[in-house]
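Predicted coordinates and the sequence they were generated for:
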Amino acid sequence: MILKLIKYDFKVTYTPGKQMYVADTLFRAYLKDPVSDDPELESVVHSVSKHLAITAEKRKVFQEETKEDKVSKLIMKYHLNGWPDSKKTLEEEIKEYWKYKNDVDIH
């Protein structure tokens, strides 16, 4: 959730728990089943890099590795040259990124 909200600038205010009825209800009705990682997490990893406090050297290594990544290369190719009209024509490795095609940003 933090990764999805990182692009927003919002103000957090304290509200006493006794006034947060929905949150209290959700807290008491937690899921007992194990939860797997969010599949969307992998798709936002690249955008998080610009928000992380990392050294210039580590940033350069990250950028170089990203440039060599097969999936990243394909996404960059379609971002720069245009996405096809149909998801069916995409390489299998990047079909899951189809729904994020309008969110891609390359710096």
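Now that the structure is in, tell me what you want to look at. This is a predicted model, so every value here is computed, not measured. Residues are numbered from 1 along each chain as shown.

got a list of what H79 touches?
H79 is in contact with K101, V104, I106, counting by Cβ atoms under 8 Å, 6 or more residues apart in numbering. Glycine gets a C-beta too; all of them are placed from N, C-alpha and C.

So which of the residues you listed are in strands?
Among these, no member falls in strands (criterion: DSSP state E).

And these, which is closest to T15?
V104 (36.1 Å; Cβ to Cβ).

tally of neighbours for that closest one?
For V104, the count of nearby residues is 16 (other Cβ atoms under 10 Å).

That one reaches K77, doesn't it?
No. Look at V104 against K77 with Cβ atoms under 8 Å: they stay out of range, at 11.0 Å.

Not counting its neighbours along the chain, what's nearest the residue minimising distance to the centre of the chain?
The chain has V44 as the residue nearest its centroid, 2.0 Å off, counting by Cα atoms, centre = their mean. Leaving out its chain neighbours, the residue that sits closest to V44 by Cβ to Cβ, 6 or more residues apart in numbering is L3, at 4.9 Å.

Quick check: that neighbour vs H79, distance?
20 Å (Cβ to Cβ, to the nearest Å).

What of V12?
V12 sits 33 Å away from H79, going by Cβ to Cβ.

just E40 next, same as before
Taking Cβ to Cβ, one finds E40 at 18 Å from H79.

try K60
On the measure of Cβ to Cβ, K60 and H79 end up 21 Å apart.

And E57, by the same measure?
Using Cβ to Cβ, E57 is found at 27 Å from H79.

cool, and L90?
Computed as Cβ to Cβ, the L90 to H79 distance reads 13 Å.

hang on, the earlier thing: ok, so of the contacts of H79, who is nearest P16?
When those are ranked by distance to P16 (Cβ to Cβ), V104 comes first, at 41.3 Å.

what sits against the closest one?
I75, H79, Y97.

Specify which member of those residues is nearest to E68.
Distances from E68 to the contacts of V104, taken by Cβ to Cβ, are shortest for I75, at 13.3 Å.
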